[in-house]
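*Asks:* Sequence plus predicted model, see below.
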Amino acid sequence: MSKHSMNEIQAISKVLSPNDTGETGAHQAGMLIPKKGEILSFFPKLGIENKNPRSELDFYDETGKIWTFTFIYYNNKFFEGTRNEYRLTGMTSFIRKYGLKAGDTIILSRDSDGKMLIKQSSVAKGSTSGSVLKLGSSWKVVRI
């Protein structure tokens, strides 16, 4: 029997932004995770009891390589600060290994045994020549 209930989200995807892939050169602390219940429910719960709680998550790619990312709740708003956001950090090596660019997609999923998986999908080369790629909401729940 699965460790996860049938109501839990099993897969989410994100269309990468230039900021996610480092194309802007800006310093950031990982990909912003929206506070939407469906997307956030994919990740472990992190409370406000401690400042900036985090959880290391191991994801397996299609070759079986393990990638360890950190899910962080920057909650210093509750500790006399201003931040109140969730981020997934430590993804730069994965993004570089697969040559991901803005417009490409990552898919995070959980199998029936709870094993976390990561896949990527690249925009076809040349498919945006002469046009501007417009992205909508970048995080989505994937029904599998």
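*Replies:* That came through fine. Numbering: from 1, shown residues only.
*Asks:* Specify the beta-bridge partners of the spatially most central residue of the chain.
*Replies:* Nearest to the mean C-alpha position of the chain, by Cα atoms, centre = their mean, lies Leu88 at 5.5 Å. In this entry, Leu88 is beta-bridged to Met31, Phe71, by DSSP bridges.
*Asks:* Tell me if I'm right that it and Pro34 touch.
*Replies:* No. Assessed by Cβ atoms under 8 Å, Leu88 is found out of contact with Pro34, at 11.3 Å. No exception for glycine: its C-beta is placed from N, CA and C like everyone else's.
*Asks:* which residues in this protein form helices?
*Replies:* 18-21, 37-40, 92-97 (DSSP state H).
*Asks:* Contacts for the second one, please.
*Replies:* Think helix 37-40. For helix 37-40, the external contacting residues (Cβ atoms under 8 Å, 6 or more residues apart in numbering) are Ile9, Ile12, Ile33, Pro34, Tyr86, Trp139, Val141.
*Asks:* which one of these is nearest Phe59?
*Replies:* Of all those, the one with the least separation from Phe59 (Cβ to Cβ) is Ile12, at 12.0 Å.
*Asks:* what's around that closest one, how many residues?
*Replies:* Ile12: 21 surrounding residues under other Cβ atoms under 10 Å.
*Asks:* which non-adjacent residue is nearest it?
*Replies:* Of all residues not flanking Ile12 in the chain, Phe42 sits nearest, at 5.0 Å (Cβ to Cβ, 6 or more residues apart in numbering).
*Asks:* How about the contacts made by the one you found?
*Replies:* Residues in contact with Phe42 (Cβ under 8 Å, 6+ apart) are Glu8, Ile9, Ala11, Ile12, Leu108, Arg110.
*Asks:* which of the residues you listed tops the neighbour count?
*Replies:* Highest count within the contacts of Phe42 by other Cβ under 10 Å belongs to Leu108, 23 neighbours.
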